[in-house]
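1. missing the sequence, but the structure's below:
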């Protein structure tokens, strides 16, 4: 992904797992959006849409706003593509690949309390050293 990004320009979607510090990349996306629309960055956060597209090869073009992310997995659950919900995992399937997710910058976005916010971690270990922010260094964002 990085080689293609350098030689061919930004990809249609980004492999978030390829970043050593994905939070920095996501902040950069919010900064770009804030500058384009002259919005204070501290008013922005991400909303998430799980898409029908399964991978980078299915993304014809980048989004107008935000970024498409691919390469995430669910541990202990699966994304039910038919009903568009989180569902029980299939027997003997430990990890389920999540379709592409559209990370959309939103102004003053409030999370719907009826929706589940799934924690996204860098590794399958859901623990890490506590950072100065009080969060695990392994935690990325709630999706």
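-> Everything's here; your move. Being a predicted model, the structure only gives us computed values, none of them experimental.

2. so where is this structure shaky, pLDDT-wise?
-> 126-136 (pLDDT under 70).

3. got a list of what residue 50 touches?
-> 79, 84, 98, 99, 100, 101 (Cβ atoms under 8 Å, 6 or more residues apart in numbering). Bear in mind the C-beta positions are built from the backbone N, C-alpha and C, glycine included.

4. most neighbours, which of these?
-> The member of these that has the most neighbours, counting by other Cβ atoms under 10 Å, is residue 101 with 24 neighbours.

5. still on that earlier bit, between the contacts of residue 50, which is nearest residue 4?
-> The closest of the contacts of residue 50 to residue 4 turns out to be residue 100 (Cβ to Cβ; 16.8 Å).

6. that closest one and residue 59: what is the separation?
-> With the distance defined as Cβ to Cβ, to the nearest Å, residue 100 ends up 6 Å from residue 59.

7. now the common contact residues for those two.
-> Common neighbours of residue 100 and residue 59 are listed as 13, 53, 68, 70 (criterion: Cβ under 8 Å, 6+ apart).

8. wouldn't the first one be in contact with residue 67 here?
-> Think residue 13. Yes: with contact defined as Cβ atoms under 8 Å, residue 13 and residue 67 form a contacting pair (7.3 Å).

9. what distance do you get for the most centrally placed residue in the chain to residue 28?
-> Nearest to the geometric centre of the chain sits residue 69, at 5.3 Å (Cα atoms, centre = their mean). The span separating residue 69 from residue 28 equals 14 Å under the rule Cβ to Cβ.

10. cool, residue 54 as well?
-> When Cβ to Cβ is the yardstick, residue 54 and residue 28 sit 26 Å from each other.

11. so what's residue 142 bridging to?
-> With DSSP bridges applied, the residues forming beta bridges to residue 142 are residue 119.

12. excluding its own residues, what touches the longest helix seen in the chain? List them.
-> Using DSSP state H to assign secondary structure, the helix with the most residues in the chain is helix 22-37. Under the criterion Cβ under 8 Å, 6+ apart, residues 14, 16, 19, 39-41, 44-46, 65-67, 103, 105, 122, 140-141 lie in contact with helix 22-37.

13. many thanks, have a good one.
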